[in-house]
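[1] quick one: sequence and predicted model below, then my questions.
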Amino acid sequence: MDSHTQLHLSASLTQLESLADEVWTLAKTAEGNSLELLAILRILEQLHQDIRDSLFQQSLPDNRQQLYHLLREIESKGGWPYIPRSSLKSVMEHLQKESPVMGLEEASGQEEIQG
């Protein structure tokens, strides 16, 4: 990587770190507001998908040497960026662990429906 590319990458990382700080500050101001936090997460997920599906895929290397460098970068810096999505089941399990009473109410409600 030449010094010009290294300098540009360094400037980009500084901007990204500043942007990440702003997003974190926004999320902290929404602490306790699950709907607002969910909206932030949805926007971040959509941004990730948009960048991956358009700009990133268009920028993929077209020769073996560049591909090798990209794969080495991915391997050395922690793998492929992935935003996991919580399933409703895992959210409900978390809620039941936090509030055992809620789990009992749901169980009794299911028995009424099934019974």
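    Received, thanks.
[2] domain ranges for the protein?
    If you go by automatic domain parsing, the domain ranges for the chain are 3-84, 85-115.
[3] okay if I get those as JSON lines plus mean pLDDT and mean neighbour count?
    Yep, even glycine has a C-beta here, placed from its N, CA and C like the rest. Below are the domains of the chain laid out as JSON lines (pLDDT from 0 to 100; neighbours: other C-beta atoms under 10 Å):
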{"stretch": "domain 3-84", "mean pLDDT": "90", "mean neighbour count": "10"}
{"stretch": "domain 85-115", "mean pLDDT": "63", "mean neighbour count": "10"}
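[4] just the C-alpha atoms of stretch 35-42, please, in CSV.
    Output of stretch 35-42 as CSV, limited to C-alpha atoms (Å, rounded to 0.1, in the frame of the first residue of the first chain):
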residue,chain,number,x,y,z
LEU,A,35,-38.3,1.8,20.0
GLU,A,36,-35.8,4.5,19.4
LEU,A,37,-32.9,2.1,19.8
LEU,A,38,-34.5,-0.3,17.4
ALA,A,39,-34.8,2.4,14.8
ILE,A,40,-31.1,3.2,15.2
LEU,A,41,-30.2,-0.5,14.8
ARG,A,42,-32.5,-0.8,11.7
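[5] what residues does it touch?
    23, 26-27, 30-31 (C-beta atoms under 8 Å, 6 or more residues apart in numbering).
[6] what strand or helix carries the residue positioned nearest the centre of the chain?
    For the chain, the residue nearest the mean C-alpha position is Ile83 (3.3 Å; C-alpha atoms, centre = their mean). For Ile83, there is no enclosing helix or strand under DSSP states H and E.
[7] ok, the residue nearest to Trp80 when sequence neighbours are not counted to His8 distance?
    The spatial neighbour of Trp80 that comes closest, neighbours along the chain excluded (C-beta to C-beta, 6 or more residues apart in numbering), is Ile74 at 6.1 Å. Using C-beta to C-beta, to the nearest Å, Ile74 is found at 19 Å from His8.
[8] and Leu95, what element?
    Assigned by DSSP H and E, Leu95 falls within helix 88-98.
[9] now do Ala39
    helix 34-50.
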